[in-house]
Structure formats: C-alpha cells, structure tokens
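K.L.:
Prediction below, plus the sequence it came from.
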Amino acid sequence: QVQLVESGGGLVQAGGSLRLSCAASGRAFSSYAMGWFRQAPGKEREFIAAISRSGGSTHYANSVKGRLSISRDNAKNTVYLLMSSLKPEDTAVYYCAADSDLLLYGRGVDEYDYWGQGTQVTVSS
C-alpha cells in the first residue's frame with residue numbers, strides 16, 4: 001500500500017502559478033505510476049496529468065496542455081504539478097493518485113487504486 005498527501009493548494013489570482021506536491025509513504029514509490037485529477041463543485045473528477053514510474057513518460061489532458069507540468073522525484077517520494085497561467089475554471093480540489101499495475105500511466109479514475117485527500121485550488125478573476 002501507499003499513502004498519499006497533497007499540499008500546495010491555495011488562493012491565487014488568474015494568470016498566477018502554483019506548485020502542488022504529493023508526498024507518498026509506504027511501498028517503493030518508484031513502482032507506482034502517478035496521476036493528478038481535479039474535481040470542481042458539481043462536476044465529475046477529471047484527469048489532468050500522469051507520469052510513468054520512472055518519470056520518463058508524461059501525459060496531459062488537452063484542456064491543460066501547455067499550462068501544467070507533472071514531474072516526480074523518486075528519491076523524495078514526491079510527485080509535483082506545476083500549474084501556470086491559471087484560470088478561474090481551474091478552481092477545483094486537486095487529487096493525486098497512484099497505481100502499481102499501470103505500465104506507463106492511466107487517464108481513468110478507476111485505473112488508480114490509491115488516492116490522496118485532495119488540496120483546494122481557487123483561482124480568482
């Protein structure tokens with residue numbers, strides 16, 4: 001098992017940047033593909049970014065491509081999400097997720113077995 005704790009959320013003005021972190025504990029972090037999802041009020045949880053176990057492969061949702069960057073530091077058991085040019089529609093709770101069965105990465109909520117508690121990101125106009 002792995003436990004995930006997100007941090008770095010907060011209130012930011014439109015056009016600003018934030019870096020979210022997701023710290024993992026438990027089994028070897030490098031054996032997990034990692035993903036970031038978000039959920040806005042009244043909406044379903046949606047995929048935004050994923051990274052392979054080694055960090056060599058990344059994948060982004062079209063809606064955020066070019067504005068977000070996912071990375072990981074396996075020595076620190078942490079995955080990051082750097083968000084720039086933030087928009088009010090980016091307001092949501094952001095979740096990190098992990099799975100040890102994925103060969104590279106997944107886009108579906110049901111592809112990940114472990115989830116953090118989420119961190120709120122609010123972008124003001």
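P.N.:
Now that the structure is in, tell me what you want to look at. This structure is a prediction, so every number in the text was calculated from the model and none was measured. Residues are numbered from 1 along each chain as shown.
K.L.:
Find the centremost residue of this protein, please.
P.N.:
Nearest to the geometric centre of the chain sits W36, at 2.3 Å (CA atoms, centre = their mean).
K.L.:
Could you pull out the strands in this structure for me?
P.N.:
Assigned strands in the chain, in chain order: 2-7, 10-13, 18-26, 33-39, 46-51, 58-60, 68-73, 78-83, 92-99, 114-115, 119-124 (criterion: DSSP state E).
K.L.:
Centre of the chain to the shortest one, how far?
P.N.:
Between the mean C-alpha point of strand 114-115 and the mean C-alpha point of its chain there is a distance of 11 Å (CA atoms, centre = their mean, to the nearest Å).
K.L.:
got a list of contacts for that strand?
P.N.:
Under the criterion CB atoms under 8 Å, 6 or more residues apart in numbering, residues 1-4, 32, 95-99 lie in contact with strand 114-115. Every C-beta, even on glycine, is put in place using the N, C-alpha and C of the backbone.
K.L.:
strands paired with that strand, and their directions?
P.N.:
Using DSSP bridges, strand 114-115 pairs in its sheet with strand 92-99 (antiparallel).
K.L.:
re earlier: hmm, E46 and the residue nearest to the centre of the chain touching each other?
P.N.:
No - distance between W36 and E46: 10.1 Å, which falls outside the contact criterion (CB atoms under 8 Å).
K.L.:
how about low-confidence regions in the protein?
P.N.:
For the chain, no stretch is flagged by pLDDT under 70.
K.L.:
could you redo the last one with a cut-off of 90?
P.N.:
For the chain, residues meeting the criterion pLDDT under 90 lie at 1, 26-27, 63, 65, 101-106.
K.L.:
Okay, V12 and T58: tell me how far apart.
P.N.:
23 Å (CB to CB, to the nearest Å).
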